[in-house]
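Asks: build the 3D model from these lines:
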Amino acid sequence: MLKLTTDHTIYPKLLGDIGGTNARWAWQACAGAPLQDISVLPCQASASLYDSATNYLITTGHARPRSVGVGVATPVLGDEVRMTNSAWMFSVSGLKHALGVQHCLVINDFTALAMSLPVLQPSDLRPIGGGLAVDRAALALLGPGTGLGVSGLVRVDHDRWVPLSGEGGHATVAAVNEREDEVLALLRRRFGHVSAERVISGPGLVDLYGAVCQLGGRVAQSLQPVDVTQAALVGSDQDCVTTADLFASFLGNVAGNLALTLGARGGLFIGGGIVPLLGEAFNANLFRQRFEEKGRFKDYLSSIPSWIITASAPALVGVSRALDQLR
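Replies: As a prediction, the model looks like this:
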């Protein structure tokens, strides 16, 4: 279990949030200091995680840090880490040695994001329904981006939280009506197993769009996720609008299952980059409808609040908090 440390030798900190597309880096000089020099670098711009980190340090002019904390979009099961949605792979001990730091912590990116939840401010969140959070209750987190991250946070005493590390994005997704049955049937023929990530992610938007077009007897255009979100936002393509509604429906269904599983009466948080990109095209009412439609537990779920995280770099804050609770 992570324990609070008063070891001030962990500063300064180099903090990273590594997704399938971008590597976010920041510097924290001392305890209580704000994150500074936050930078977003495309993963493709560097050959490795080490190269991305050193490029950041060179660009910002920072000296060698005493500790490094990194959240990565992949399971962290030991010393060897292989990214799920990029070609990067590295050794945690090797990264520590190469950077010459005293502490090196590598955790799942959504574990890192979960660690930030207790310190997020109202200005960092957009409420999208539900009642009031229950104090000290578990928190649930999921977020569509290049993949689908899933995590949670459990409070163990008055000021200490334990994050849950898992790969819930790869659990099998379910349909709630005949239209969704038809969509998932098409995707099963293409992929075999259809996980939540297959439909609730950037690539998932494109796959949903293709299924919508196929069911309508139309040829799908060659679109990227941003094309689907923009067309849905301005209403220029009805198939993209339908895709956005399917996305909200599947997300609400999966989120409701997660909240039930964790007993997350403290609230459900949505991170990742896709929902903010959808903007007003994200059907929050449909999301809440699917979130709450769990039969006899509708009242239980309708009381759980949900928020979209709008903070600019919350996972970096979470990584810093995780470093403060070194083993």
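Asks: the bottom helix or strand of this structure by mean pLDDT?
Replies: Least confident element among the helices and strands of the chain, by mean pLDDT, DSSP states H and E: strand 161-165 (a mean of 87).
Asks: what lines up beside that strand in the sheet?
Replies: Paired neighbours of strand 161-165 in the sheet (DSSP bridges): strand 148-155 (antiparallel).
Asks: only alpha carbons, please: show the strand it pairs with as PDB.
Replies: The C-alpha coordinates for strand 148-155 follow below in PDB (Å, rounded to 0.1, in the frame of the first residue of the first chain):
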ATOM      1  CA  LEU A 148     -10.500   3.700 -22.800                       C
ATOM      2  CA  GLY A 149      -9.100   4.200 -19.300                       C
ATOM      3  CA  VAL A 150     -10.900   2.900 -16.300                       C
ATOM      4  CA  SER A 151     -10.100   3.300 -12.600                       C
ATOM      5  CA  GLY A 152     -11.400   4.200  -9.200                       C
ATOM      6  CA  LEU A 153     -10.400   5.500  -5.900                       C
ATOM      7  CA  VAL A 154     -11.100   4.200  -2.400                       C
ATOM      8  CA  ARG A 155     -10.600   6.300   0.800                       C
END
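Asks: now stretch 162-178: buried residues?
Replies: When burial is assessed from 16 or more other CB atoms under 10 Å, stretch 162-178 yields the following buried residues: 162, 163, 164, 165, 166, 167, 168, 169, 170, 171, 173, 175. Backbone N, C-alpha and C define where each C-beta goes, glycine included.
Asks: and if you look at stretch 260-280?
Replies: If you call a residue buried by 16+ other CB under 10 Å, then stretch 260-280 has these buried ones: 262, 264-275, 277-278.
Asks: from the chain's centroid, how far away is it?
Replies: Stretch 260-280 sits 9 Å away from the centroid of its parent chain (CA atoms, centre = their mean, to the nearest Å).
Asks: so how far does that stretch reach from one end to the other?
Replies: 27 Å (CA to CA, to the nearest Å).
Asks: same thing with stretch 166-181?
Replies: For stretch 166-181, the first-to-last residue distance is 27 Å (CA to CA).
Asks: residue numbering should commence at 567 henceforth.
Replies: Yes, from this point I'll number from 567; that puts the last item at stretch 732-747.
Asks: list of residues touching it?
Replies: Stretch 732-747 is contacted by residues 641, 708, 713-717, 749-750, 759-767, 812, 815-816, 819-820, 824, 856, 859 when judged by CB atoms under 8 Å, 6 or more residues apart in numbering.
Asks: and the longest helix seen in the chain, how far out from the chain middle?
Replies: Counting by DSSP state H, the longest helix found in the chain is helix 804-828. What separates the centre of helix 804-828 from the centre of its chain is 15 Å, taken as CA atoms, centre = their mean.
Asks: again, but for stretch 754-768
Replies: From the chain centre to the centre of stretch 754-768 is a distance of 17 Å (CA atoms, centre = their mean).
Asks: sketch out the helices for the stretch 667-816 of the chain, chain order is fine.
Replies: Applying DSSP state H, counting those that start in this stretch to the stretch 667-816 of the chain gives helices spanning 675-682, 744-757, 762-765, 768-781, 791-800, 804-828.
Asks: one step back: now the angle from the least confident helix or strand of the chain to helix 675-682?
Replies: Counting by axes from the mean of the first three to the mean of the last three CA atoms, to 10 degrees, strand 727-731 lies at 160 degrees to helix 675-682.
Asks: residue contacts, the nearest residue to residue 576 once chain neighbours are set aside?
Replies: The spatially closest residue to residue 576, leaving aside those adjacent along the chain, is residue 633, at 4.3 Å (CB to CB, 6 or more residues apart in numbering). Taking CB under 8 Å, 6+ apart, we find residue 633 in contact with 575, 576, 577, 578, 579, 580, 667, 668, 669, 670, 671, 889.
Asks: do the same with residue 885
Replies: Residues in contact with residue 885 (CB under 8 Å, 6+ apart) are 581, 582, 583, 635, 636, 637, 671, 673, 678, 681.
Asks: if we go to 6 Å?
Replies: 581, 635, 637, 678 (CB atoms under 6 Å, 6 or more residues apart in numbering).
Asks: so the second one sits in a strand?
Replies: Yes - checked against DSSP: H, G, I helix; E, B strand; the rest coil, residue 635 lies within a strand.
Asks: next, count neighbours for it.
Replies: A count of nearby residues for residue 635, using other CB atoms under 10 Å, gives 30.
Asks: per-residue pLDDT of it, please?
Replies: Per-residue confidence (pLDDT) for residue 635: 97.
Asks: filter the contacts of residue 633 to the buried ones?
Replies: Counted by 16+ other CB under 10 Å, the contacts of residue 633 give 576, 577, 578, 579, 580, 667, 669, 670, 671, 889 as buried.
Asks: strands - which of the residues you listed land there?
Replies: Using DSSP state E, the subset of the buried ones among the contacts of residue 633 located in strands is 579, 580, 669, 670, 671.
Asks: OK, contacts around the fourth one?
Replies: Taking CB under 6 Å, 6+ apart as the definition of contact, the neighbours of residue 670 are 634, 661, 662.
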